[in-house]
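>>> Kindly return the folded structure for what I paste below:
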Amino acid sequence: MRIEQAKILLKNLELKIFEVGTIVGYKNPKRFTKVFRELEGISPKEYQEGFLLKDYS
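Residues are numbered from 1 along each chain as shown. Take a look at the predicted model:
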């Protein structure tokens, strides 16, 4: 559930990865990245960059 919320927040390109992790309840940014990667198959940064690329194409 936290990762689903994080995916929504990551669409806001103004938020930094650690900020998204904190908002959804992870105190440790590395833990957030690890859990996100395990569940989604990519890092939060890669996920967010996918939206950045869509904006410029």
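>>> Point to the residue nearest the middle of the chain.
For the chain, the residue whose C-alpha lies nearest the mean C-alpha position (C-alpha atoms, centre = their mean) is P44; its distance is 3.5 Å.
>>> Tell me who's in contact with it.
Listed by C-beta atoms under 8 Å, 6 or more residues apart in numbering, the contact set of P44 reads 6, 10, 17, 20-21, 32-33, 36-37. No exception for glycine: its C-beta is placed from N, CA and C like everyone else's.
>>> Which one of those is nearest to F51?
Proximity of the contacts of P44 to F51 (C-beta to C-beta) peaks at L10, which lies at 7.2 Å.
>>> quick revisit: how much space separates the residue nearest to the centre of the chain from R37?
P44 sits 8 Å away from R37 when distances are taken as C-beta to C-beta, to the nearest Å.
>>> tell me the average confidence for stretch 38-56?
Stretch 38-56 shows an average pLDDT of 84 in the prediction.
>>> now swap in stretch 13-24 and tell me
96.
>>> Can you tell me how far the nearest residue to G21 once chain neighbours are set aside is from I23?
Closest residue to G21 in three dimensions, ignoring its sequence neighbours and counting by C-beta to C-beta, 6 or more residues apart in numbering: F32, at 3.2 Å. Look at F32 and I23: by C-beta to C-beta, they are 10 Å apart.
>>> Among the two, which residue is more densely surrounded?
It is F32, of F32 and I23, that has more neighbours when counted by other C-beta atoms under 10 Å, with 22 against 13.
>>> Can you say which helix or strand has that one in it?
Of the helices and strands defined by DSSP states H and E, F32 is found in helix 29-40.
>>> the helices in the chain, which residues?
Taking DSSP state H, the helices of the chain run over residues 2-10, 17-23, 29-40, 44-56.
>>> tell me the most buried of the ones you listed?
helix 17-23 (a mean of 18; mean count of other C-beta atoms under 10 Å).
>>> which helices and strands does it pack with?
helix 2-10, helix 29-40, helix 44-56 (3 or more C-beta pairs under 8 Å, 6 or more residues apart in numbering; DSSP states H and E).
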